[in-house]
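Student: sequence and predicted model, in that order:
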Number of protein chains: 2
Amino acid sequence: MTNKINLNNLTKSEEDYLKALFQLLIEDDSVKVGNNQLAEYLKVSPASTNNMIKKLKAKDYVMSEKYGKLDLTEEGKAIAVRLIRKHRLWETFLYNYLNFTWDEVHDVAEQLEHIKSQKLIDELDRFMDFPKNDPHGEIIPNGDGEYFILPRITLSSLSEGDVCQLVAVDDGSVNFLKYVSKIGLVLSSEIKILEIREFDKSIRIQFDNTVETVTRKFADNVFVKKVV
Amino acid sequence: MTNKINLNNLTKSEEDYLKALFQLLIEDDSVKVGNNQLAEYLKVSPASTNNMIKKLKAKDYVMSEKYGKLDLTEEGKAIAVRLIRKHRLWETFLYNYLNFTWDEVHDVAEQLEHIKSQKLIDELDRFMDFPKNDPHGEIIPNGDGEYFILPRITLSSLSEGDVCQLVAVDDGSVNFLKYVSKIGLVLSSEIKILEIREFDKSIRIQFDNTVETVTRKFADNVFVKKVV
DNA sequence: ACTATTAATTACGCAAAACTAAAAAAGTTA
DNA sequence: TAACTTTTTTAGTTTTGCGTAATTAATAGT
């Protein structure tokens, strides 16, 4: 039990890079992550990324061979997971206690996740009675740094007649989240696939007493579990 | 009503300087604040301070003539008061909801006060039902940026036989706060001055069922209102 | 296998915010 | 008033994180 993780002492920037790399790595296991993807994801130049990766390699949070693809060390992963935990706990707090809407929580949580205080996050977790999911349905990593990924099916992968329940939405776009709220979808909504139009892959769905037509792109960002 | 304050767009550093200058200016109206005092207060070099003051003057938050003393513009003051409001609201939250102790709240609030979100602070205020005082007894400025200063008397200014009630403590030192807690003093404690020892100005006080001897320096940091 | 393209890297420069050391102005005192 | 002290300011560096432009390595296409 030697590894007391090198708690903190990271700059905001270093944290951002580690978290981003983690997100890219888990997004699709099979696809390798290179300097350029990371740069594009963070909206900085490849040179900046290269620089930062060099630093993170020196600190043993990132592994990669010269001109090779990127990977995180165990410690790098642990830091990223702790950041995601903080982010999702703050989102939950903002949503459940401070009247923030689905689409407002992300930006503020992005700031709050960099606050350095172990006690703060432990107590926030306790205060909210150890929530399991954030407002978008994502699982909140526990204090031991365990990161669970549920195998996910998108609304777009279902067939006509299927019935499903909304378990999570991608939180990448504010406009998407606003749209989801606007039509009245919430977590746990039961959704029936009425029709899939071959022409443009748009989908007619029914939930509560509403019928809506959504695009394929929209349905790709909606995660569900099948009911029927 | 033209002045919609230039909300935010300040770096953490700029905010720190404005807040520090404000604190120094209100600490003692009569004493002028110079470059060196500000530098010492912030524990940076006079050159750094001079640099930053130059920048803040260009942005019209600070006024001063070359080789002259420092002052804040109305806008500079407004920003400082908003920071103090945020700081004290966060301290209150940490203390009342997250089991932080008196001496633990300051450092974390120091980070949290720089989070940029008007809604966050408004909602936090509402969530706590618009608290009037922070855990150290300090008045929390309201959303309109009004800053109230109560005329204060220190424990050290009283005479033998006086009875008073603790209204606030200086939150500048963690060790001091720990000490206050340790001997059992809390806000509203009723304190009786038993004896003032001329030799070293130390003071024997009684509160609850405790008798303690405290130094002059200690008593300077304890703010009270007289009861008898 | 040779060229074209893409990706990674290096070599600069810039801005913010800190520093040290030295110069200049202001204030104090004999 | 001259000399000394204190305070403010300037000058020159350092660190961190970003940028552009040019270079080098890896990958693909024919």
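Tutor: Looks like it came in fine.

Student: how about the strands in chain A?
Tutor: A:62-63, A:71-72, A:153-154, A:163-169, A:190-196, A:203-207, A:210-214, A:222-226 (DSSP state E).

Student: now render those strands as a markdown table, adding distance to B:Ile149.
Tutor: Any C-beta I mention is one placed from the backbone N, CA and C, and that applies to glycine too. Formatted as a markdown table, the strands of chain A follow (distance: least, CB to CB, whole Å):
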| stretch | distance to B:Ile149 |
| --- | --- |
| strand A:62-63 | 51 |
| strand A:71-72 | 51 |
| strand A:153-154 | 58 |
| strand A:163-169 | 48 |
| strand A:190-196 | 58 |
| strand A:203-207 | 56 |
| strand A:210-214 | 56 |
| strand A:222-226 | 54 |
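
Student: tabulate those (a markdown table), appending distance to DNA strand D and mean neighbour count.
Tutor: Putting these into a markdown table (distance: least, CB to the nearest atom of the strand, whole Å; neighbours: other CB atoms under 10 Å in any protein chain shown) gives the following:
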| stretch | distance to DNA strand D | mean neighbour count |
| --- | --- | --- |
| strand A:62-63 | 13 | 18 |
| strand A:71-72 | 15 | 18 |
| strand A:153-154 | 28 | 15 |
| strand A:163-169 | 28 | 19 |
| strand A:190-196 | 33 | 17 |
| strand A:203-207 | 34 | 19 |
| strand A:210-214 | 34 | 14 |
| strand A:222-226 | 30 | 19 |
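
Student: would you list those strands in JSON lines and tack on mean pLDDT?
Tutor: Formatted as JSON lines, the strands of chain A follow (pLDDT from 0 to 100):
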{"stretch": "strand A:62-63", "mean pLDDT": "96"}
{"stretch": "strand A:71-72", "mean pLDDT": "96"}
{"stretch": "strand A:153-154", "mean pLDDT": "94"}
{"stretch": "strand A:163-169", "mean pLDDT": "96"}
{"stretch": "strand A:190-196", "mean pLDDT": "96"}
{"stretch": "strand A:203-207", "mean pLDDT": "97"}
{"stretch": "strand A:210-214", "mean pLDDT": "96"}
{"stretch": "strand A:222-226", "mean pLDDT": "95"}
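
Student: quick one: closest of those to B:Gly68.
Tutor: Closest to B:Gly68 of those is strand A:62-63 (CB to CB; 50.6 Å).

Student: which helices and strands sit right next to that closest one?
Tutor: Strand A:62-63 sits against helix A:46-58, strand A:71-72, with contacts defined as 3 or more CB pairs under 8 Å, 6 or more residues apart in numbering or on different chains; DSSP states H and E.

Student: compute the inter-axis angle for the lengthiest helix in chain A and helix A:46-58.
Tutor: In chain A, taking DSSP state H as the definition, the longest helix is helix A:74-97. With axes from the mean of the first three to the mean of the last three CA atoms, to 10 degrees applied, the angle from helix A:74-97 to helix A:46-58 works out at 110 degrees.

Student: any part of helix A:74-97 near DNA strand D?
Tutor: No. Helix A:74-97 stays clear of DNA strand D (CB under 7 Å from any atom of the strand), getting no nearer than 13.8 Å.

Student: let me see the mean pLDDT of that helix.
Tutor: Helix A:74-97 carries an average pLDDT of 98.

Student: that helix: which residues count as buried?
Tutor: A:75-95 (16 or more other CB atoms under 10 Å in any protein chain shown).

Student: now swap in stretch A:93-109 and tell me
Tutor: Neighbour counts using 16+ other CB under 10 Å place A:93-95, A:98, A:100, A:102-106, A:108-109 of stretch A:93-109 among the buried residues.

Student: ok, back up a step: and the longest helix of chain A, what does it pack against?
Tutor: Counting contacts by 3+ CB pairs under 8 Å, 6+ apart, helix A:74-97 is packed against helix A:12-27, helix A:105-112, helix A:118-127.

Student: quick one, which of those helices gets closest to chain B.
Tutor: helix A:118-127 (3.8 Å; CB to the nearest CB).

Student: in terms of secondary structure, what does that closest one contact?
Tutor: So helix A:118-127, by 3+ CB pairs under 8 Å, 6+ apart, packs with helix A:74-97.

Student: now the helix it packs on: how far from the chain's centre is it?
Tutor: 10 Å (CA atoms, centre = their mean, to the nearest Å).

Student: show me the contacts for A:Tyr61.
Tutor: A:14, A:18, A:72-73, A:75-76, A:79 (CB atoms under 8 Å, 6 or more residues apart in numbering or on different chains).

Student: how about a cut-off of 10 Å?
Tutor: A:6, A:10, A:14, A:17-18, A:21, A:53, A:55, A:72-80 (CB atoms under 10 Å, 6 or more residues apart in numbering or on different chains).

Student: before we move on, what about A:Lys201?
Tutor: A:156, A:215-217, A:219-220.

Student: roughly how far apart are it and DNA strand C?
Tutor: Separation of A:Lys201 from DNA strand C (CB to the nearest atom of the strand, to the nearest Å) stands at 27 Å.
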